[in-house]
Structure formats: C-alpha cells, structure tokens
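> Sequence unavailable; structure follows:
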C-alpha cells in the first residue's frame, strides 16, 4: 500500500499543477484573442472567408483531403463576427488539442510528472493563428489527428486489423488531411517503446498510411502531390508567421513523445522537473508574446473602422502607429471623409504621395486601395480592385465576405440590378449577411470621368474635376498630391481653377500655408494677397519660421521651438520631410 501511494503522489501533484496551469493559460488565450490579436485573428479570418449554407459549398470542401475539418473550421469562423464567440471557439480548440496531447503522452507513458508539456503544441498555435495564412480548420485537423491516434493504435493490435484499419485510415485522412502523417510517424515509435515482438505490423501500417495520400490524389480526390500530403498542415503554404509557429506546433506533437522516451531513464528530482517546466513555460510564452505585432493589429483595425465609416477612430489609431504607407493612407482618407484633410493633414505623419495613394502589391493592398476608389465614386476601379483582392485570396479556395459586399455596393452604384441580385443571392446563403442589401449605408455618387485611359493619378483626378467641378474629394486629393510632391505652381493653379466650386467658409490652413510659401518662392509682389486673401497672422507666422531657419537648426532650443510651433504646418513638412522629396526646380530658393 505504501509503494502504491508513493508512486501516485507525484502524478496527483502534477495533475493539480496541470489544472492550475490550464486555468491561467485559459485566461491568457482569452486575452490573446479578445485584446491582443482581435483584428488579426477574429476580424480578418471572418472577413476573408464566406461560409455558405449550400450543397455545392459542402462538396467543395469534400473534394480536398481534410475537407471535413476545413468545413467545420469555416462554419465556426463565421461566428468570429462576435469577438466573445470567437475567443470561446479558440478556447475550445485549445483545450481539445491539450487533452489530445495529454492522452497521447499517457499512451507513451511520458511526461507524467510534467504539468506544462501537454500545453506546448496548443500554445504554439496561438501566434500561428495571428498569421494571415492561418485557418481554424488546420488546428481542428491537428487535434482530430491526435485524437484518432488511440483508435489507430487499438486497431493495429486487433486480430483482423487488415479489415478494420484501412477504412479507419481513410476516414482519418478525410477528416484531418496531411495531419494523418503525424499519427503514421508515432505508430512505429510506440511499438518501439513497448518492445513488441510484432514490430512488423506497425511498420506495415506506417507504410500503408504513407501511401494513402499518393493513392487517393486521383480518386476520390483530384489534387497534386503537395496538397495530397500537406493539406490542412502549415507545410502547404510555407511562408509567414502561420507557417513558422504552425510547423513548430506540428513538430512538437511528433517530437515530444520520442523525446520523452529518451529522457524517461533520467529520473529527475521533483524540484528539477518543476524548474524545467517553468523554464519551458517561460520560453513558450515569451515566443508567443514576441510574435505579437501591435502595428499590424492597429492597421487591420483601421481598415475595419474605415469600412464602417468610423473616421475619428481611424485618426486616433493612426496616432499610435508608426509611419507606413497603409497607415498614412487610412489616416488621410479619414481626414478627407471627415472634412479635415486640408486643415490637419500635416499634423499627422506624411511620407509623400505613397502614403496618399498606396501601390497595389498584393491581395491586402488591393482591398485597401479599392476603398479609395469606392469613396471617390469610380465604380469600375473599385470593382476591379475588389476582384484583384478576391483573386489574391484564392489560395483559401473560396470567396470572402468583404469583397462580395464591395461588389454588391459597386453593382448598386452603377445601377446594375441583375448583377446586384447575383451578389445578394450569395450573401443570403450566409448566416449573418443575408440582409446586407437592406442595411447598406448611403453609397457615394458615381464620378466616372470621360476618359478612364489615363496613366497617372493626378491626371485622373483632373479628369474627374473636369466632368464634376464640385467633386470635393477629387479636389482635396489633387491638392494634397501636388503639395506632397512640392509642386507649388501646379497646386496654386489647381486652387485658382476650382476654388469657386469648393464650399469652404474660410481658406483652409494648409492652402494658406501653400500660398504663403508660393509667394516667397516665386517672388510675387505684395498684391498677390489681394487675389489670395491669406490672413496676416499666417504670413507673420511664416516670416518667423523663416528667421529661425536662417539662425540654423543645430541649436536644440531653436529646433524644439520650431517643432512645437510649426510641426503641424506644410512649411515644416517641406523643410523636414519624413522621406526625401524630389529636387526642386533651379529657380526655387534652396532654403525650401
């Protein structure tokens, strides 16, 4: 009786420690998805897929290995529209994977005194889920594969294993896809641990499982060899954060059991085991926190706020985010839509015209740039970039909600009811967007120019103003573009031609600063201000900055005074840009 109590005491202590660690890690998981990575995971994944309640959509998933786990993941992902539900779904998957790993280690009789090791694969999936290529179905497939290992082990030992095992392996392949390879690798290792004389049977099962993807890639599936072996695994798309941490989680599930077998002979004291567990916990949690990308989280949140028309929220988020083209693009769009672009533009970070109109480089930036053309009223360009973005997301194998909603809006703007009915019929097969057409906000007025075969953005904006002289967004973006390029003459001419059509109660601050600077550079006479009535305070403000510049900026006090007083002006941007500006013309004064 004493020996029995002595053997079970450490396991009982480890179980209590595991329960305590599980409670703490559950809080960490909820924080991770509700606070730290809410938009990178929940919002982004929900918007980049579209679960349809239709027979064709279900059969589409069944055409690929692991399609059952993928379909289940897509079904659950649609509930990410509600952050609390999304965090709850991920918490359930986290505990499923932890329990599967715990049961796996018990089959190998390893890590019985360890309270943290069963959580390692599940914790590594947390930073993987923040990657833009991650899908919930991949985590479900891995958990399903590890849960199916005990059944495969039992069937391997059965007398008629050659009758029962093939359908079980095919079913596991249909559910978990390439994650079945994890079970295939663990079977001979488990036989080696037990020292079974029938060692050839696990090896035969291993060989059969390795040949199943090759045999099934033509029937019942029609996929390439890479998809046949790596479907629903991080190895299918080997790039980015989702691949690195997803691969680490997958390898941990395969490597930890044999590592535990090798270390089983080393009987470590309880204190050493506790210390090693604490060190492992610290290392894994540090790696997860190190992967946290707050700037990416804020940029995706800015995209969400821009889609919902929450412009002040976009501006506030921009204050917390370092300068980048996407960040500056969203802030400038929010300033224009809220009527502040020519008043507060240079109070925010500006990196040149790349921050005003970003270049479309991938599926994400195509969606971002499409927001500009949609707000501008260029229906065809907005539709084009929505299609470009959707094609970029084709690696997921389905349409996504965000672009289908944009295509519906474009169809309604252009008056194409048949096309709008087509997209509306798709959205009505979803759970939460079936009434999207009825709840759409007011749409911008179409503003197609006479000729769309125009090379540059300034020329496009000029063409819009030629057909729609009172188009405020086109005017303000054209003025901002000229100012960011340092084209004083073109900016002044643009204002002169269109000022009569613009409903400004007073001269916007940045236009006043441009006109003051233009007079200084061009050497115009004092009567220049009769045509362009710039306030005397603004002119005196400029003269004082000019004097400070002649004193030099090497003096820290002068620099601090200039930054505090002029940091939000166009003059300060021209003199101290965040990026290098094009060289001025020779007849312009070198000070500017």
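Great, that's in hand. Here the structure is a predicted model, which is why all the values come from computation and not from measurement. Residues are numbered from 1 along each chain as shown.

> Who are the contact partners of residue 172?
Applying C-beta atoms under 8 Å, 6 or more residues apart in numbering, we find residue 172 in contact with 144-145, 148, 152, 180, 183. Heads up, the C-betas are built off the backbone N, CA and C, glycines and all.

> These in strands, which ones?
Among those, none falls in strands (DSSP state E).

> Closest to residue 393 out of these?
Distance to residue 393, by C-beta to C-beta, is smallest for residue 144 among the contacts of residue 172, at 25.1 Å.

> Near residue 27, how many other residues are there?
Look at residue 27: counted by other C-beta atoms under 10 Å, it has 11 neighbours.

> Repeat that for residue 405.
Using other C-beta under 10 Å, residue 405 has 20 other residues around it.

> ok, it - contacts?
Contacts of residue 405 (C-beta under 8 Å, 6+ apart): 427, 433, 436.

> which regions of the protein sit below the pLDDT cut-off?
Counting by pLDDT under 70, the chain shows low-confidence ranges at 1-14, 194-199, 266, 394-397, 450-455, 552-554, 578-592.

> ok, residues contacting stretch 55-71?
With contact meaning C-beta under 8 Å, 6+ apart, stretch 55-71 is reached by 51, 74, 135, 137-138, 140-141, 144, 173-179, 213, 216, 221-223, 227-228, 231-232, 397-398, 429.

> Can you name the residues that contact residue 516?
534, 538-539, 542, 571.

> ranges for the helices of the stretch 151-300 of the chain?
161-176, 180-194, 200-216, 225-230, 240-263, 270-290, 294-307 (DSSP state H, counting those that start in this stretch).

> Run through the neighbouring helices and strands of the shortest one.
Helices and strands in packing contact with helix 225-230 are listed as helix 200-216; criterion 3 or more C-beta pairs under 8 Å, 6 or more residues apart in numbering; DSSP states H and E.

> Work out the gap between the helix it packs on and the centre of the chain.
Relative to its chain's centre, helix 200-216 lies at 38 Å (C-alpha atoms, centre = their mean, to the nearest Å).

> Repeat that for stretch 275-291.
Relative to its chain's centre, stretch 275-291 lies at 25 Å (C-alpha atoms, centre = their mean).

> quick one on the thing from earlier: just curious, which of the contacts of residue 516 is nearest to residue 209?
residue 571 (70.6 Å).

> which residues in the stretch 301-450 of the chain form helices?
Assigned by DSSP H, counting those that start in this stretch, the helices in the stretch 301-450 of the chain fall at 311-319, 325-337, 341-344, 363-376, 379-392, 401-414, 417-427.

> want to throw those into JSON lines with distance to residue 110?
Formatted as JSON lines, the helices of the stretch 301-450 of the chain follow (distance: least, C-beta to C-beta, whole Å):
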{"stretch": "helix 311-319", "distance to residue 110": "47"}
{"stretch": "helix 325-337", "distance to residue 110": "47"}
{"stretch": "helix 341-344", "distance to residue 110": "62"}
{"stretch": "helix 363-376", "distance to residue 110": "43"}
{"stretch": "helix 379-392", "distance to residue 110": "44"}
{"stretch": "helix 401-414", "distance to residue 110": "44"}
{"stretch": "helix 417-427", "distance to residue 110": "50"}
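
> Residue 158 is nearest to which of the ones you listed?
Smallest distance to residue 158 across these (C-beta to C-beta): 46.3 Å, for helix 401-414.

> okay, the angle between that closest one and helix 379-392?
160 degrees (axes from the mean of the first three to the mean of the last three C-alpha atoms, to 10 degrees).

> what residues are up against residue 398?
49-50, 57, 60, 74.

> and if we set it to 10 Å?
Counting by C-beta atoms under 10 Å, 6 or more residues apart in numbering, residue 398 makes contact with 48-52, 57, 60-61, 70, 74, 390.

> If anything else comes up later, I'll come back, but that's it for now.
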